[in-house]
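In: I'll drop the sequence and a predicted model, then ask my questions.
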Amino acid sequence: MRNLLPLIWRGNKERYRLFGSVCETCGQEYFPQRRICPACRRKGKLVEKQMPHEGKIISYTLVHSAPAGFELESPYHLALIELANGVRVLSQLADSPADKVSIGAPVKMVFRKIFEDDDEGAIAYGYKFTVIGEAPKTVAAQKQQKTKPGKPKK
């Protein structure tokens, strides 16, 4: 069955192209796709919608003890991403140095390998995110930087 996953996943736009849905009645967007709008119920009409590929990190963790099949990837960062439209996605971070991973850091979607069956098995691909910049400094951090002790000005 696992050998069939790439065929199944290619047909799943959520995995490959980050497709979600939007309710034409209330305008609420969802990822993954939904069949019924939780807000409008039967009155809502959900249609497929491409989710933005950019967002920011809301929360993250460093996974040291990976689940079966992902042992060779650990340690890795797992992050809660808020996309530009406000939808939240849980995703692994790829190609992101640990010193760049922080709350508020901007990220973009990338297409990467998720797992491979074995040496001769199928390879499954899907979305991950990568950090593309630094998190904006908070007001407290900006004040702290201004008040750092240093040499007095002459």
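Out: Cool, got the structure.

In: In the record's domain split, what are the boundaries for this protein?
Out: 2-13+53-146, 19-52 (automatic domain parsing).

In: so where's the chain uncertain?
Out: For the chain, the stretches with pLDDT under 70 are 1-16, 115, 117-121, 138-154.

In: Any chance of CSV for the domains of the chain, columns mean neighbour count?
Out: Just so you know, the C-beta spots here come from the backbone N, C-alpha and C atoms, and that holds for glycine as well. Shown next, in CSV, are the domains of the chain (neighbours: other C-beta atoms under 10 Å):
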stretch, mean neighbour count
domain 2-13+53-146, 14
domain 19-52, 15
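
In: Which residue ranges of the chain form strands?
Out: Ranges of strands within the chain are 19-23, 29-30, 46-50, 54-63, 76-83, 88-92, 106-116, 123-131, based on DSSP state E.

In: Identify whichever of the ones you listed lies nearest to Phe70.
Out: strand 106-116 (6.9 Å; C-beta to C-beta).

In: if I read this right, His77 contacts Gln92, doesn't it?
Out: Yes: with contacts counted by C-beta atoms under 8 Å, His77 reaches Gln92, the gap being 7.0 Å.

In: what residue is smack in the middle of this protein?
Out: Centroid-nearest residue in the chain, with C-alpha atoms, centre = their mean: Ser91, separated by 4.0 Å.

In: and that one, what does it touch?
Out: 78-79, 81, 127-129 (C-beta atoms under 8 Å, 6 or more residues apart in numbering).

In: Just want to check the distance between the residue nearest to it when sequence neighbours are not counted and Ala94.
Out: Leaving aside its sequence neighbours, Ser91 sits nearest to Phe129 (C-beta to C-beta, 6 or more residues apart in numbering; 4.9 Å). With the distance defined as C-beta to C-beta, to the nearest Å, Phe129 ends up 7 Å from Ala94.

In: Nothing else from me, thank you.
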